[in-house]
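> Here you go, sequence then predicted model.
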Amino acid sequence: MNVLVINCGSSSLKYQVINSETEGVLAKGQCERIGIDGRLVYEPAGGEKEITQAAMPTHKQAIQIVIDALTNEKTGIIKSLDEIGAVGHRIVHGGEKFAASAIITDEMIETVEACSDLAPLHNPANLIGVRACQELMPHTPMVGVFDTAFHQTMPKEAYLYGVPYEYYEKYAVRKYGFHGTSHSYVSKRAAAVLDKPYESLKTIVCHLGNGASVCAVKNGQSVDTSMGLSPLEGLVMGTRSGDIDPSAVEFIAKKEHLDLSGVLNVLNKKSGVMGLSGVSSDFRDIEAAEQAGNERAATAQQVFNYRVIKYIGAYAAAMNGVDCICFTAGVGENNGVLRKQICENLAYLGIQIDDEANSKRGEETVISTPDSKVKVLVIPTNEELAIARETVALVK
């Protein structure tokens, strides 16, 4: 069975066509800088990588461009969409309704829509992918794989907020966590690379991209993660503020004459490194501006790094130790300078970095020295393969 995996992020879209029997990738690529200018990367197995500049004002246009590439007469890997046996969609927030992946139905879509106010940058984008595929492949089964599912193992002391308990009972106000598919895949892959039993390790996964989160995985289970009720909590991100004093919401609202929705829009879409730097939400743009002497860009990068360092330290304490730290996602996999800066502030854990290994970009590798007390790895995430496995399991 060929499985089309659609993974819509806040400003990017990854896709793969995977043969479920061999788990081989028939084609892969991504749409980058959605809402900025737009770029399609398309790479058929055994073929040349194609990079095309294309206007992508919304995710809907991005998905259509992907489908056009897959069915292109010259370089496409399928003749028609009939050759796709199932579609697996990454869906960010399932609330407490979904603790596992599920077949997509009208009822499920309604439930996901009801959670959109908790993930305003992602759930609507995820559903655009779902509806676009349903329109083009009305008879193809589709599965939703939720970012929140992996974190359902968190203990109450980790997921409860210090608000009246009745809010949890009535409205399920709690920490959910996100990037679960990535944190699950990377933590398992790290155990395999280190040749250690997954259930024996204390692992901290740093998923660092336009959306970013840190997760503590103890004995094979998520025990805490930086994102919360929505993806807004935690690290400073591309456009999200991350942790902020709740009183600041009221303060900003009064000063800027905004209602609650207006303030949340600012915190979700106009903050983070974009708001701090005034340059961009793309970390590559931030890095270039910093190298050109832009002080605000440099400060934005420092703020981002500092927040990552704090969360790693907190989770090492929460698990009473850490065996390995993993960097993944676009920034984590490709920015060796950032990894080095973060790890230099973790020297008290006995971490030592191998500069030569750390200079690699996007490769699975151990970047700590052999005598480092805590192993540090770069593990390129493969959420698509994890989603494909979940999809096939449910469809079959």
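Structure's in. What do you need?

> Now do the helices in the stretch 151-300 of the chain.
With DSSP state H, counting those that start in this stretch, the ranges of helices along the stretch 151-300 of the chain come out as 156-159, 165-171, 180-194, 247-256, 260-269, 272-277, 283-291, 295-318.

> Quick check: which of these is nearest to Gln61?
Proximity to Gln61 (Cβ to Cβ) singles out helix 260-269 among the helices of the stretch 151-300 of the chain, at 18.9 Å. Any C-beta I mention is one placed from the backbone N, CA and C, and that applies to glycine too.

> Send me the closest one as PDB with only the CA atoms.
This file holds the C-alpha atoms of helix 260-269, laid out as PDB (Å, rounded to 0.1, in the frame of the first residue of the first chain):
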ATOM      1  CA  LEU A 260      -8.700  38.800  24.500                       C
ATOM      2  CA  SER A 261      -8.700  37.400  21.000                       C
ATOM      3  CA  GLY A 262      -6.600  40.200  19.700                       C
ATOM      4  CA  VAL A 263      -3.900  39.700  22.400                       C
ATOM      5  CA  LEU A 264      -3.800  35.900  21.700                       C
ATOM      6  CA  ASN A 265      -3.400  36.700  18.000                       C
ATOM      7  CA  VAL A 266      -0.400  38.800  18.900                       C
ATOM      8  CA  LEU A 267       1.100  36.100  21.200                       C
ATOM      9  CA  ASN A 268       0.600  33.400  18.600                       C
ATOM     10  CA  LYS A 269       1.400  35.100  15.300                       C
END
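
> Tell me the helices and strands packed up against it.
helix 247-256 (3 or more Cβ pairs under 8 Å, 6 or more residues apart in numbering; DSSP states H and E).

> please redo it, this time with the cut-off set to 10 Å
When contacts are defined as 3 or more Cβ pairs under 10 Å, 6 or more residues apart in numbering; DSSP states H and E, helix 260-269 sits against helix 247-256, helix 272-277.

> Buried residues in that helix, which are they?
Going by neighbour count (16 or more other Cβ atoms under 10 Å), the buried part of helix 260-269 is Val263, Leu264, Val266, Leu267, Asn268, Lys269.

> likewise stretch 235-254?
Leu235, Val236, Met237, Gly238, Thr239, Arg240, Ser241, Gly242, Val249, Ile252, Ala253.

> for those residues, which one is nearest Phe304?
Comparing the buried residues of stretch 235-254 against Phe304 with Cβ to Cβ places Val236 closest, at 5.0 Å.

> okay but the closest one is in contact with Gly242, surely?
Yes. The pair Val236 and Gly242 qualifies as a contact (Cβ atoms under 10 Å) at a distance of 4.3 Å.

> shared neighbours of those two, anything?
Shared contacts of Val236 and Gly242 (Cβ atoms under 10 Å, 6 or more residues apart in numbering): Ala212, Ser271, Gly272, Val303, Phe304, Arg307.

> Over to Lys60. Which of the three states is it?
helix (DSSP: H, G, I helix; E, B strand; the rest coil).

> so how far is stretch 383-396 from its chain's centroid?
17 Å (Cα atoms, centre = their mean, to the nearest Å).

> Quick one: mean pLDDT over that stretch.
For stretch 383-396, the mean per-residue pLDDT is 92.

> Buried ones in it, by neighbour count?
By neighbour count on 16+ other Cβ under 10 Å, the buried set for stretch 383-396 is Glu383, Glu384, Leu385, Ala386, Ile387, Ala388, Arg389, Glu390, Thr391, Val392, Leu394, Val395.

> just stretch 156-173 next, same as before
Residues Ala158, Tyr159, Tyr168, Val173 are the ones in stretch 156-173 that count as buried (16+ other Cβ under 10 Å).

> Closest one of these to Ala119?
Using Cβ to Cβ, Val173 is the member of these that lies nearest Ala119, at 14.8 Å.

> Just the pLDDT for that closest one.
Reported pLDDT for Val173: 93.

> picking that back up, as TSV, the buried residues of helix 260-269 with distance to Ile379 would be great.
As requested, the buried residues of helix 260-269 are exported to TSV (distance: Cβ to Cβ, whole Å):
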residue	distance to Ile379
Val263	36
Leu264	33
Val266	34
Leu267	30
Asn268	28
Lys269	29
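
> what sits against the residue lying closest to Phe150 once chain neighbours are set aside?
The shortest distance from Phe150 to any residue other than its chain neighbours is 3.1 Å, reached at Gly180 (Cβ to Cβ, 6 or more residues apart in numbering). By Cβ under 10 Å, 6+ apart, Gly180 lies in contact with 92, 94, 145-152, 207, 213, 215, 222, 225, 227, 383, 386.

> Of these, just the buried ones, PyMOL syntax please.
In PyMOL, this line selects whichever of the contacts of Gly180 come out buried by 16+ other Cβ under 10 Å:
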select buried, resi 92+94+145+146+147+148+149+150+151+152+207+213+215+222+225+227+383+386
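
> Give me the subset of the contacts of Gly180 that lies in strands.
Using DSSP state E, the subset of the contacts of Gly180 located in strands is Val145, Phe146, His207, Ser213, Cys215, Ser222, Thr225.

> wait, the fourth one sits on Ala329?
Translated: Ser213. Yes. The criterion here is Cβ under 10 Å, and Ser213 meets it with Ala329 at 9.2 Å.

> Which neighbours do these two have in common?
Listed contacts common to Ser213 and Ala329 are His179, Ser182, Val205, Cys206, His207; contacts here mean Cβ under 10 Å, 6+ apart.

> hang on, isn't the first one packed against Asn210?
It stands for His179. No. Applying Cβ under 10 Å as the test, His179 and Asn210 come out as separate, 11.7 Å apart.

> top of the shared contacts of Ser213 and Ala329 by neighbour count?
Within those, most neighbours by other Cβ atoms under 10 Å means Val205, with 32 neighbours.

> residue contacts, that residue?
Here Val205 is in contact with 179, 182-187, 189-190, 213-217, 222, 225, 315, 324-329, 332, 377, 379, 381 (criterion: Cβ under 10 Å, 6+ apart).

> try Leu338
Counting by Cβ under 10 Å, 6+ apart, Leu338 makes contact with Cys206, Leu208, Phe283, Glu287, Gln301, Phe304, Asn305, Val308, Phe327, Val331, Gly332.
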